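Enquirer: sequence and predicted structure are below.
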Amino acid sequence: MTFPSVRSRLLLPVSLCLFLTLAIGSSTRATIQYTVGLEHPEKHLFHVTMVIPGVTGEVTVRMAAWNALYQVRDFSSRVQQVEAVAGSEKALVEKVDKQTWRIKGTGTIKISYAVYWDEAGPFASQLNSEHAFINPAMILFYVPLRREEDVSLSVIFSSSTWSAQGPLWTSLFVSGPNHADMFTAPSYDALADGPIEVGKIERFELPGVTPAVTVVIHGDNWSKKRVEEDLKRICIYELKLMEGAPFEHYMFILHFGKGAGGGGMEHMNSTAISAYSDEYLPGLAAHEFFHLWNVKRIRPATLEPVDDTKEQFTRSLWFAEGVTNTYGSFTLVRSGIWSKEQFYADLGEQITELEGRPANRWQSAEQSSLDAWFEKYPLYNQPEYSVSYYTKGQVLGNLLDILIRDRTGNEKSLDDVLRSMNTTFAKTGESYRDSLDVQLTTESVAGESFQEFFRKYVAGTEPFPYQPILGLAGLTLRTVEHRKPALGFFLEHEPNGPFVVGAVDSEGAAAQAGLRAGDVIVNWNGAEAPRRVERWLQEQKAGELLKLRVRREDKEMTIEFRLGEIKETFYQVVEDSHAGEKARHIREGMLRGETSAVLVH
Ligand SMILES: [Zn+2]
């Protein structure tokens, strides 16, 4: 996935990739049948019925606690009105725990309930007057003991549902009123990994890409020419890099526009991506498409089998997400979407982001992976508490690529590690043992030990030796220092709520003046608090007075203090004009995705 957050990560959503794993048809062979009603979208309630045949005595059903993000979000808290019938008799429904129900009965049990969703983006589901986007795991119960059985799903909506929106499209490629479209899937898990888009959609195939890649778009702020050209370059490059497609048909579900946010979510044969406009698509799409291999098929053992009832801990996200970011940037420069200057600028920004976080000194790439489940807590995302496995992993990927090229005289690269893991693990259905198998594969490609590298920089927190490694690729790391005013506290804002003081820097002037976390801002220098505080700060100078009127436990008070100052270090990656022949070969090889033997003088 890719998150668009304070860390400028990519968050990725899910789409209707059902059509790869699910055959469209009228088959009623499926054992467990779901129907999802989309009537009255203004109420944002998905009406679900689940028919379970062959029940003896009782059946237990459950809803996933997490999906699409490494965050327990308790989808069952959105469920209402669970009822069941056994044959024609009302059946007893008993809640067992927060996400599990037990229904008494024998024969065919029919369960009905409603689920509320109105959240934009690939990590959620949404039913509103514009469209329906469904991550099936967020709305469907499953039978824990029968999740391997084949299933069917029908989506029902009437001609009036989106009648004002123009033609109706579903990702089933059917339009028209009063129809029920049926998907079948070989298991609940296959169904859960296929998001569904229904509503006013545009759809086209990418020309010149084989196997077929379909694009489904909801929203505005995009041009077909640009979307087509960027996605085509990305797909063609990555399919060549990984020596062929692991799918028969792939789908991009894209949500563009103001309310779309940003981010992407990978699925087995599709992705769902949200972006403000098509300008932001390439970075998201290059990352998500590469997930077809890295994470969806090259699977860490710690994420298998998936346990959607509680947190599932893995140390591998620095590779699964971070190195996928490395390949996102490799793809953009190698396919010509980025210039090499843009590639260097991005790498410099990643290093700046990483080194700007105090937590980089004590949180390893593996620990950041393990603690992914904390990302739902805003404090954890602050620079003092965590680094991103996206950022740290992306930089590690770049360093590994240069080292492998250097050790092999530019005959091998990180590309060979990914291809080897694809052959050894993905194609045999085996999962890899987190960092250990990444290390062993790197060693077998490079022909020497990487034990110390993994111990110091992947499991450990030793400072990255940027200059010695970048120098091997004819690159130099420059530092530029800036001073800027500092608030001394974080400002938090709930949608439609007041501005509230978040964490306060205990050493800063705000803390010394008595400001506390939780104080509600009543006014800010006599006016409303700035909506974009970073932009406001850019217009201030250190030492200027900030006068806050705050409310604390029903009392109002005025707190004033002078803005502090912080020093920021920016890193820039630039070419070394004195680089030797071998280093220049490595640099060109990395930028072009090529290997060729270098004569070492
Ligand atoms: Zn990702």
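Expert: Alright, I've got the coordinates. Numbers count the residues shown, from 1 in each chain.

Enquirer: tell me the contacts of H255?
Expert: Taking CB atoms under 8 Å, 6 or more residues apart in numbering, we find H255 in contact with 13, 120-122, 133, 217-219, 272-275. The C-beta positions use only the backbone N, C-alpha and C, and glycine is treated the same way.

Enquirer: tally of neighbours for E556?
Expert: Residues near E556, counting by other CB atoms under 10 Å, number 11.

Enquirer: give me the phi and psi for K232.
Expert: With angles defined as degrees, to the nearest 10, K232 sits at phi -60, psi -50.

Enquirer: show me what the helix or strand where M557 lies is packed against.
Expert: If you go by DSSP states H and E, M557 is part of strand 555-562. Where contact means 3 or more CB pairs under 8 Å, 6 or more residues apart in numbering; DSSP states H and E, strand 555-562 is packed against helix 509-512, strand 545-552.

Enquirer: just to check, E288 is in contact with G263?
Expert: No: contact criterion CB atoms under 8 Å: E288 and G263 do not qualify, at 9.6 Å.

Enquirer: give me the more crowded residue out of those two.
Expert: When E288 and G263 are compared for neighbours, E288 comes out ahead with 30 against 27, by other CB under 10 Å.

Enquirer: from N221, how far off is the more buried one?
Expert: For E288, the distance to N221 equals 19 Å [CB to CB, to the nearest Å].

Enquirer: now do P468
Expert: 44 Å.

Enquirer: what about these two, which has more around it?
Expert: Between P468 and N221, counted using other CB under 10 Å, N221 has the larger neighbour count: 14 against 10.

Enquirer: Three-state assignment for the more buried one, please.
Expert: Here N221 is recorded as coil under DSSP: H, G, I helix; E, B strand; the rest coil.

Enquirer: just checking, it touches F256?
Expert: Yes: counting by CB under 8 Å, N221 touches F256, with 4.7 Å between them.

Enquirer: what's the overlap in contacts for these two?
Expert: Residues touching both N221 and F256 (CB under 8 Å, 6+ apart): 276-278.

Enquirer: closest to the ion out of the residues you listed?
Expert: Nearest to the ion out of those is Y276 (CB to the ion; 18.9 Å).

Enquirer: quick one: contacts for the closest one?
Expert: By CB under 8 Å, 6+ apart, the neighbours of Y276 are 221, 256-258, 260-262.

Enquirer: considering the residues you listed, which is situated nearest to the ion?
Expert: G262 (13.0 Å).

Enquirer: number of residues surrounding the closest one?
Expert: Using other CB under 10 Å, G262 has 24 neighbouring residues.

Enquirer: when you give positions from now on, start the count at 39
Expert: OK, 39 is where the count begins now, so the last one is G300.

Enquirer: these two touch, right, it and E317?
Expert: No: in this structure G300 lies outside contact range of E317 using CB under 8 Å: 11.0 Å.

Enquirer: how close does T98 sit to the ion?
Expert: Taking CB to the ion, to the nearest Å as the measure, T98 and the ion are separated by 33 Å.

Enquirer: A helix includes that residue, no?
Expert: No: assigned with three-state DSSP, T98 falls outside any helix and is strand.

Enquirer: kindly state the beta-bridge partners for the nearest residue to it once chain neighbours are set aside.
Expert: Nearest non-adjacent residue to T98, counting by CB to CB, 6 or more residues apart in numbering: R140, 5.1 Å away. Following DSSP bridges, R140 is listed with bridge partners T98, E132.

Enquirer: can I assume R140 is in contact with I147?
Expert: No: using CB under 8 Å, R140 is not in contact with I147; the gap is 11.0 Å.

Enquirer: identify the contacts common to the two.
Expert: Shared contacts of R140 and I147 (CB under 8 Å, 6+ apart): V97.

Enquirer: ok, the two, which is more surrounded?
Expert: Neighbour totals were compared for R140 and I147, and I147 leads with 23 against 13 (other CB under 10 Å).
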